[in-house]
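Novice: Could you work out the structure for the sequence below:
(chains A and B)
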Amino acid sequence: MSEKPESYEAAVERLEQIIDRLDSGQAGLRETLELCGEGRDLVTYCTAELDAVGEGLKELRLDEIATKLASSAEPA
Amino acid sequence: MRRRARVALIGEVTGFSRSKAQAYFELRDSEGAVPCTIWLNELEKLGLPEQGLRDGTEVVISGGPDYYRGSAHSSASFSFRATHIRLAGEGDLLARLEALRKQLKAEGLFELQGQLRRPVLPKTIGVVTAESGAARRDLLAGLERRGWAGTVVWAFAPVQDRHAAPAITAAIQDLAAQPQVEAIVVTRGGGSLADLWAFCDETLCRTVAMLRVPVVSAVGHERDSTLIDDVAAVACSTPTHAAEAAVPLDCGTARLGLERSVAVLSRAANGAVRARTPHLVALARGPARALRRERLALNQKTREIRAASERGIAERLGFQRRLAGVVLERAARRAAGAEMERRRVALHRAEVALRAHEPERTLERGYALVEDRQGEPVTDVGTASAAERVRLRFADGTVGAKIEESQ
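Specialist: Purely as a prediction, here's the structure:
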């Protein structure tokens, strides 16, 4: 992947563009293979993003975070 | 009559209707009703909420008696002409709410949150709600239905009493200060307008409007309209809907979509290569075929050149031979003429010389040649005597002779 997508929705939007281009049948061999490579990278990115929110709900309390931050900010 | 004292009346609105210039209704209580009118331009100045003056609404109206003398086509009538109307009780709250709503809207605070980008798949969302409320459970159920299992940062706050508004405002600000929080949900269950009043707080609503993190509000039920709904990025009727608004992407559907994308990409890549394979194979064979064609053409040329060369050599050889023959012939002819003459002269000389030595010439001069019976010349007496019989050869013929004596 040349660069990391800006966001999940940006990645999906680009992926849809790629698939539209491939479906049009107008891409040459080189472009097709490049688009497929880019598309696979995007799918990998999107899958990783989905995995990041699919491994179990984590619940935090804001007051605990604030306490933790306050204690870590205090000089030893 | 119009100079009579102004008074305020309390009652419920019934039979509300409008003409081009006025609104008509009856103000009714348990003891009776008073027909009322108000000029539309005065009604509009009051800034009452839309549908605020509907049947059953309790209002406080100020004004005084008025008389319409009628016309050729209409009857005269008495009425209470209102110059000011405000909603009574909850109506008061609504009136204040609508006034604040107008003010915030006029300041453009309703559009700010709507302009923020809402991530379709936030990893962390902040939630402001009551710790023990059903809204919390409903929100979690909604997130689970989305297939979303990221991080929820709870900011619990009272959602009803007089401390609620500042606590909720502080919670929203604290959540927005967490860099990992990508969206904030503010939610509580339904209630009366007074119960939900904290969510109409001006400071709270201004805070939400100015926030750089999108806020999803789900306060009360569908019919309840709090001011936070107007300033938030998205207003939802239930916590379940708020979950869907906070995580717009259905993770299960998204995974299926990605699987389809992978299939499309694989098909496209393989198809692109497969579709071009015959052409590529043909292209790959092209050079070999062209080489073979050129080689055949080259061999043919070589054979032609060789044949032409041999033919040329043969022709040249033949030509040279013919030329040599002609030259030789001419030379021979030239040479032969002189030689023949020389030889002819020599031959003639030899012939003359030979002829001079021929026995016939001698015989012609009268000599005879003695030969024995075998024709061998007899050149001495002894041989002649021994032979006894000899032959005498003359120029014109031969005669036999007998040796009789020797001397």
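Novice: Wasn't B:Leu53 part of a strand?
Specialist: No - the assignment for B:Leu53 (DSSP: H, G, I helix; E, B strand; the rest coil) gives coil, which keeps it out of a strand.
Novice: thinking it is in contact with B:Ile85, fair?
Specialist: Yes - between B:Leu53 and B:Ile85 there is a contact at 7.0 Å, judged by CB atoms under 8 Å. C-beta: built from backbone N, CA, C; applies to glycine.
Novice: hey, what's in contact with both of these two?
Specialist: Taking CB atoms under 8 Å, 6 or more residues apart in numbering or on different chains as the contact rule, B:Leu53 and B:Ile85 both touch B:43, B:59.
Novice: More neighbours: the two, which one.
Specialist: Using other CB atoms under 10 Å in any protein chain shown, the more surrounded residue of B:Leu53 and B:Ile85 is B:Ile85, with 26 against 21.
Novice: hang on, the more buried one in a strand?
Specialist: Yes - applying three-state DSSP, one finds B:Ile85 inside a strand.
Novice: pLDDT score assigned to it?
Specialist: At B:Ile85 the predicted local confidence, pLDDT, stands at 88.
Novice: Please apply the same query to B:Val186.
Specialist: 95.
Novice: So it, which state does it fall into?
Specialist: Criterion first, three-state DSSP; result for B:Val186: strand.
Novice: likewise A:Gln26?
Specialist: Going by three-state DSSP: A:Gln26 is coil.
Novice: Need the per-residue pLDDT for it.
Specialist: At A:Gln26, pLDDT is 87.
Novice: so how far is B:Val262 from it?
Specialist: 22 Å (CB to CB, to the nearest Å).
Novice: ok now do residue 7, which residues does it touch?
Specialist: Let's take chain A. Contacts for A:Ser7 (CB under 8 Å, 6+ apart) come out as B:119-120.
Novice: if you could check chain B rather than the one you did, that'd help
Specialist: B:62-64.
Novice: and if we set it to 10 Å?
Specialist: B:61-65, B:80 (CB atoms under 10 Å, 6 or more residues apart in numbering or on different chains).
Novice: What of B:Ile313?
Specialist: Counting by CB under 10 Å, 6+ apart, there are no residues that B:Ile313 touches.
Novice: With just CA atoms, put the top helix by length along chain A into CSV.
Specialist: Across chain A, the longest stretch assigned as helix under DSSP state H is helix A:29-52. Output of helix A:29-52 as CSV, limited to C-alpha atoms (Å, rounded to 0.1, in the frame of the first residue of the first chain):
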residue,chain,number,x,y,z
LEU,A,29,-3.5,-5.4,-17.8
ARG,A,30,-1.0,-3.4,-15.9
GLU,A,31,-3.7,-1.1,-14.5
THR,A,32,-5.9,-4.0,-13.6
LEU,A,33,-3.1,-5.7,-11.7
GLU,A,34,-2.1,-2.5,-9.9
LEU,A,35,-5.8,-1.8,-9.0
CYS,A,36,-6.1,-5.4,-7.7
GLY,A,37,-3.0,-4.9,-5.5
GLU,A,38,-4.3,-1.6,-4.2
GLY,A,39,-7.7,-3.1,-3.6
ARG,A,40,-6.3,-6.0,-1.6
ASP,A,41,-4.3,-3.6,0.5
LEU,A,42,-7.5,-1.7,1.2
VAL,A,43,-9.4,-4.8,2.1
THR,A,44,-6.6,-5.8,4.5
TYR,A,45,-6.8,-2.3,6.1
CYS,A,46,-10.6,-2.4,6.4
THR,A,47,-10.5,-5.9,7.8
ALA,A,48,-8.0,-4.8,10.4
GLU,A,49,-10.2,-1.9,11.3
LEU,A,50,-13.2,-4.2,11.7
ASP,A,51,-11.1,-6.6,13.8
ALA,A,52,-10.1,-3.7,16.0
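Novice: Mind giving me the packing neighbours of that helix?
Specialist: For helix A:29-52, the contact count by 3 or more CB pairs under 10 Å, 6 or more residues apart in numbering or on different chains; DSSP states H and E identifies helix A:8-24, helix B:251-357 as packing neighbours.
Novice: can you tell me which of these the model trusts least?
Specialist: Lowest mean pLDDT within the helices and strands packed on helix A:29-52: helix B:251-357, at a mean of 81.
Novice: By neighbour count, which of the contacts of B:Val7 wins?
Specialist: Counting neighbours by other CB under 10 Å, B:Ile61 leads the contacts of B:Val7 with 24 neighbours.
Novice: SS state for it?
Specialist: Applying three-state DSSP: B:Ile61 is strand.
Novice: quick one: terminal-to-terminal distance for stretch B:209-226?
Specialist: End-to-end distance for stretch B:209-226, by CA to CA, to the nearest Å: 14 Å.
Novice: between A:Gln26 and B:Val262, which one's more packed in?
Specialist: More neighbours surround B:Val262 than the other of A:Gln26 and B:Val262, with 15 against 9 (other CB under 10 Å).
Novice: Please report how far that one lies from chain A.
Specialist: According to CB to the nearest CB, to the nearest Å, B:Val262 and chain A sit 5 Å apart.
Novice: can you pull the contacts of that residue?
Specialist: Applying CB under 10 Å, 6+ apart, the residues near B:Val262 are A:39-40, A:43-44, A:47.
Novice: What of B:Pro214?
Specialist: B:113-119, B:122, B:125, B:176, B:182-185, B:208, B:232-234, B:245-246.
Novice: quick one: it and chain A, what's the gap?
Specialist: For B:Pro214, the distance to chain A - CB to the nearest CB - is 13 Å.
Novice: Excluding chain neighbours, what is closest to that residue?
Specialist: Closest residue in space to B:Pro214, ignoring its immediate chain neighbours: B:Ala233 at 4.0 Å, by CB to CB, 6 or more residues apart in numbering or on different chains.
Novice: helices and strands of chain A: which one has the lowest mean pLDDT?
Specialist: Using mean pLDDT, DSSP states H and E, helix A:62-73 stands out as the lowest-scoring helix or strand of chain A, at a mean of 79.
Novice: what comes up buried for that one?
Specialist: The neighbour-count check on helix A:62-73 (16 or more other CB atoms under 10 Å in any protein chain shown) flags A:62, A:65 as buried.
Novice: Which elements pack onto it?
Specialist: strand B:124-129, strand B:151-156, helix B:164-177.
Novice: Quick one: mean pLDDT over stretch B:204-220.
Specialist: The model assigns stretch B:204-220 a mean pLDDT of 94.
Novice: Show me which residues of the stretch 251-400 of chain B sit near chain A.
Specialist: B:251-252, B:254-255, B:257-262, B:264-273, B:275-276, B:279-280 (CB under 10 Å from any CB of the partner chain).
Novice: Quick check on those: which are buried?
Specialist: For those, buried by 16+ other CB under 10 Å: B:251, B:254-255, B:257-258, B:261, B:264-265, B:268-269, B:272.
Novice: Among these, give me the pair with the biggest separation.
Specialist: Using CB to CB, the two most remote members of those are B:Cys251 and B:Ala272, lying 31.2 Å apart.
Novice: shouldn't B:Lys402 be in contact with B:Ser385?
Specialist: No - judged on CB atoms under 10 Å, B:Lys402 makes no contact with B:Ser385 at a distance of 11.1 Å.
Novice: On the three-state scheme, A:Glu3 is what?
Specialist: Classified using three-state DSSP, A:Glu3 is coil.
Novice: now do B:Leu193
Specialist: coil.
Novice: Tell me how many other residues crowd it.
Specialist: Residues near B:Leu193, counting by other CB under 10 Å: 17.
Novice: Quick check: it touching B:Leu94?
Specialist: Yes - the criterion here is CB under 10 Å, and B:Leu193 meets it with B:Leu94 at 6.8 Å.
Novice: Right, I'll call it a day here.
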